[in-house]
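Peer 1: Pasted the sequence and its predicted model underneath.
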Amino acid sequence: MSLLDARGVYGGYGGADILNGTSIQLDRDEIVVIVGPNGAGKSTMMKAIFGLVRIRKGQVHFNGGDITNGKPQDMVGRGIAYVPQERNVFPSMTVKENLEMGAYLLKDDIRPRLDKVYDVFPKLRERRNQPAGLMSGGERQMVAMGRALMIDPVLLMLDEPTAGLSPLLIDDTFARIREIAALGIGVLMVEQNAKQALGIASRGYVLATGENRYEDTGPNLLANREVAEMFLGG
Amino acid sequence: MTDVLQLLVYGIVLGSILTLGAIGVSMIFGILRFAHFAHGDFMTVGAYIGLAAVTATGGSIWLALPAGMLGTAVVAVIIDQVLYRRIRRKQPVILLISSFGMALALRSLVQLIWGPDNQNYASGIQLPWRIEGIAVKPDHVTIVVAAIALVVTLHLFLTRTRLGKAMRAMSDNMDLALITGIPAERVIMATWIMAGAMAAAAGVFLGIDTRLHPVMGWTVLLPVFASAIVGGIGRPYGAIAGGMVIGIAMEMSTLFIDPAYKLAVAFAIMVVMLIVRPQGIFKGTV
């Protein structure tokens, strides 16, 4: 049984449904990428899984339990961490405080976790006393991911982690995501840089108008001519 | 020159009082996103609960401080749970108007219980110290020292404790705080406890410095808001700077204009600030 199993999800922000029966599965250790044109419902699907968008029909199971329309707090408790695309740090707080907030729900000593995150992002150790709001886009993305890693998640959901980054930083970010997955954490991400993302993905989903259009392994999707023409810019 | 220094002393005392009120207004705005109009009346409630404690025990007037702070924190949490919590998901303006109604209710309640007349914590006049011709009352020193102690305590709470940091996190980015799993309701309750206690301290100090009256808090609500806005609303540290600027400016203005216009001075500074630098001295959330 998959770690995450979202089946036939319908829902949206109150008006018309944005998701029209979307399904996503993810196993432990997998990097799964959701790609598709603007307005396909990629980010919405991620928010629906995390309980931020109301699911009208369909089901989400995680680790054997039903988490359909759960509260974000319970999601964190179950080991799901979510990094939104924008406004994903606490700007007036230092890097260290941002990370501490990630572990708010944990009662035990967080120092080992801090060290673990600093090992993945050594730059954050250097900058730990700097306010996150004063950092560059790439550094902020590291803070956001670090914050999410503080709960030792089973599943990490990233909404466009490379949006607005320079090509060099994009490569770096994808390398870090592979490192994170190598720690045994399932990674589900929405990406605009579809080619590169599918390059590191175990599997990918192509969404259009809230429905699954294609699903396959990363290399197969990249090799699929239709997918390439429709969604990957030729 | 003596006049200026004398007014500076008064200004710092008033500034300390305004700061304690403005910190609460700023914290509530930062976390709950509405201007809390009953904050002045929280000050009044605090001052009168303090008075009740002093008269009941016949003890020192400084007993009013812990009693007022504790009592008002409880009152603030009850009001939040009974009234504000139910309308938290509605538009901020509904909360704002409700707090206005709460202000009237609290003031009437105080008047009903303690009567409409002026009251004092202790009768008699306190002899001021004369330092180079400047009159400083012992109470003034105690007020300023106690205000500094309270602000330092709050600072340590906000920067050293988990709950305090969570408060700053919620004020920084509410959506992210929820995604991170920070328990919003618990943080909100802590905010009311802190804001209520700080307001009560301001009320007690105001009562010691002047006198107790059912509209005492309401009349300083404007300078309290002005302090919060000048400092940068949603920024508790800005409230300190804002409180001092407004307090000192209000007292200094009496050198040039009739003291009756003190409130207008606070208002004018607030308006100018909103035009020139609406985000406040410390970049606030407006």
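Peer 2: Arrived safely, thanks for sending.
Peer 1: Count the neighbours of residue B:28 for me.
Peer 2: Using other CB atoms under 10 Å in any protein chain shown, residue B:28 has 30 neighbouring residues. To be clear about C-beta, it is placed using only N, CA and C from the backbone, and glycine gets the same treatment.
Peer 1: try residue B:276
Peer 2: For residue B:276, the neighbour count with other CB under 10 Å is 7.
Peer 1: With the one 3 residues further on instead?
Peer 2: The local packing of residue B:279 (other CB under 10 Å) involves 17 other residues.
Peer 1: cool, residue B:61 as well?
Peer 2: When neighbours are defined as other CB under 10 Å, residue B:61 has 18 of them.
Peer 1: now residue B:5
Peer 2: Residue B:5, neighbours per other CB under 10 Å, totals 13.
Peer 1: where do the strands sit along chain A?
Peer 2: Along chain A, the stretches classed as strands by DSSP state E are A:4-12, A:19-26, A:31-35, A:54-62, A:65-66, A:80-83, A:155-159, A:186-190, A:203-208, A:211-217.
Peer 1: and the residue of chain A nearest chain B?
Peer 2: Nearest residue of chain A to chain B, counting by CB to the nearest CB: residue A:76, 3.4 Å away.
Peer 1: With adjacent residues omitted, what lies nearest to that residue?
Peer 2: If the residues on either side of it in the chain are set aside, residue A:76 comes closest to residue B:181, at 3.4 Å by CB to CB, 6 or more residues apart in numbering or on different chains.
Peer 1: how close does that neighbour sit to residue B:162?
Peer 2: To residue B:162, residue B:181 is 12 Å away according to CB to CB, to the nearest Å.
Peer 1: Between these two, which contacts overlap?
Peer 2: Counting by CB atoms under 8 Å, 6 or more residues apart in numbering or on different chains, the common neighbours of residue B:181 and residue B:162 are residue A:104.
Peer 1: When the two are compared, which one has more neighbours?
Peer 2: More crowded of residue B:181 and residue B:162, by other CB under 10 Å: residue B:181, with 21 against 14.
Peer 1: Return the residues in contact with the more buried one.
Peer 2: A:72-73, A:75-77, A:104-105, A:151.
Peer 1: quick one: the helix of greatest length in chain A to strand A:31-35, angle?
Peer 2: Longest helix in chain A by number of residues (criterion: DSSP state H): helix A:167-182. Using axes from the mean of the first three to the mean of the last three CA atoms, to 10 degrees, the direction of helix A:167-182 lies 130 degrees away from that of strand A:31-35.
Peer 1: Which strands and helices lie in contact with helix A:167-182?
Peer 2: When contacts are defined as 3 or more CB pairs under 8 Å, 6 or more residues apart in numbering or on different chains; DSSP states H and E, helix A:167-182 sits against strand A:31-35, helix A:111-120, helix A:137-149, strand A:186-190, helix A:194-200.
Peer 1: In PDB, could you pull the C-alpha coordinates for the longest one?
Peer 2: As requested, C-alpha coordinates have been extracted for helix A:137-149 and formatted as PDB (Å, rounded to 0.1, in the frame of the first residue of the first chain):
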ATOM      1  CA  GLY A 137      15.200  34.100  -2.500                       C
ATOM      2  CA  GLY A 138      17.400  31.000  -2.600                       C
ATOM      3  CA  GLU A 139      18.400  31.300   1.100                       C
ATOM      4  CA  ARG A 140      14.700  31.800   2.100                       C
ATOM      5  CA  GLN A 141      13.800  28.700   0.200                       C
ATOM      6  CA  MET A 142      16.400  26.800   2.300                       C
ATOM      7  CA  VAL A 143      14.900  28.200   5.500                       C
ATOM      8  CA  ALA A 144      11.500  27.200   4.300                       C
ATOM      9  CA  MET A 145      12.600  23.600   3.500                       C
ATOM     10  CA  GLY A 146      14.600  23.500   6.700                       C
ATOM     11  CA  ARG A 147      11.600  24.600   8.700                       C
ATOM     12  CA  ALA A 148       9.600  21.700   7.100                       C
ATOM     13  CA  LEU A 149      12.300  19.200   7.800                       C
END
